[in-house]
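>>> Kindly return the folded structure for what I paste below:
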Amino acid sequence: MYPNLEFAKPIFRKGMQQTIRIMSKIERTPRNGDIFTILDTENNNLGCGFILMVEDYSLKDLPLNVVGMSHDPRTQIYENLVKDIMKYYNVVEENTEVIVIWFRILPIGKLGEELGISNEW
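Purely as a prediction, here's the structure:
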C-alpha cells in the first residue's frame, strides 16, 4: 500500500481523478497499481484510491490539459494550482519537479458511498 495522501480540498467526482504533488515532498514515488488512503487535513480517513498512472514534469512544462483534470475545480486553472502549491509546500519555482498521480476512488469508505461507486468500475 502506498502512504496516505492528504487532501486539503477533498472534492472528487466519479471516474478518473488527478492530484499534483511536489516530487521532493512525497515519501516515495508511487507506482501504477498502488492503493492509498485518502485523508483530509484533520487526518480523517475518507476512503481509498487506486493509482492508474504516474507522470513527472517540471512545473513550467505541466500541460494545461493535465492541469484541467485536477480533482479540485479551483486548481484546474494553472495560476490557482501554482498558488495552492506555494500555500501547501512553501516553495515554487518554474523548474520545480512535480508528480501527477492519476487515480480512481475505490468503492469503499465514505467517498465510495457518497459518489455511488460500485464494484463495476
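
>>> When you work out contacts or count neighbours from here on, use the C-alpha atoms and nothing else.
Noted.

>>> Would you map the strands across the protein?
Counting by DSSP state E, the chain has these strands, from start to end: 5-6, 16-22, 35-39, 45-58, 97-105.

>>> so how far is the shortest one off the chain centroid?
If you compare the mean C-alpha spot of strand 5-6 with that of the full chain, they lie 8 Å apart, counting by Cα atoms, centre = their mean, to the nearest Å.

>>> and it, what does it pack onto?
Helices and strands touching strand 5-6, by 3 or more Cα pairs under 8 Å, 6 or more residues apart in numbering; DSSP states H and E, are strand 35-39.

>>> Note down every partner strand of the strand it packs on and its orientation.
Pairing partners of strand 35-39, with direction, according to DSSP bridges: strand 5-6 (parallel), strand 45-58 (antiparallel).

>>> which residues are contacting the shortest one?
Contacts with strand 5-6, where a contact means Cα atoms under 8 Å, 6 or more residues apart in numbering, come from F36, T37, I38, L39, D40, T41, N43.

>>> now those: which count as buried?
F36, T37, I38, L39 (16 or more other Cα atoms under 10 Å).

>>> What residues are recorded as beta-bridge partners of the last one?
The one in question is L39. Assigned bridge partners for L39, using DSSP bridges, are E6, N45.

>>> Which residues are in contact with it?
So L39 contacts N4, L5, E6, F7, N45, L46, G47 (Cα under 8 Å, 6+ apart).

>>> Please identify which of those is nearest to H71.
F7 (9.8 Å; Cα to Cα).

>>> Which one of the strands paired with strand 35-39 lies nearest to E79?
E79 sits nearest to strand 45-58 of all the strands paired with strand 35-39, at 15.0 Å, using Cα to Cα.

>>> can you pull the alpha-carbon coordinates of the closest one into CSV?
Taking Å, rounded to 0.1, in the frame of the first residue of the first chain, the C-alpha atoms of strand 45-58 are listed here in CSV:
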residue,chain,number,x,y,z
ASN,A,45,-10.0,8.5,6.5
LEU,A,46,-12.3,9.3,3.6
GLY,A,47,-11.7,6.2,1.5
CYS,A,48,-9.1,4.6,-0.8
GLY,A,49,-7.7,5.4,-4.2
PHE,A,50,-6.1,3.1,-6.8
ILE,A,51,-3.2,4.6,-8.8
LEU,A,52,-3.7,4.2,-12.5
MET,A,53,-0.7,6.2,-13.8
VAL,A,54,2.1,8.5,-12.6
GLU,A,55,3.7,11.3,-14.7
ASP,A,56,6.7,13.5,-13.9
TYR,A,57,7.0,17.1,-15.1
SER,A,58,8.7,20.4,-14.2
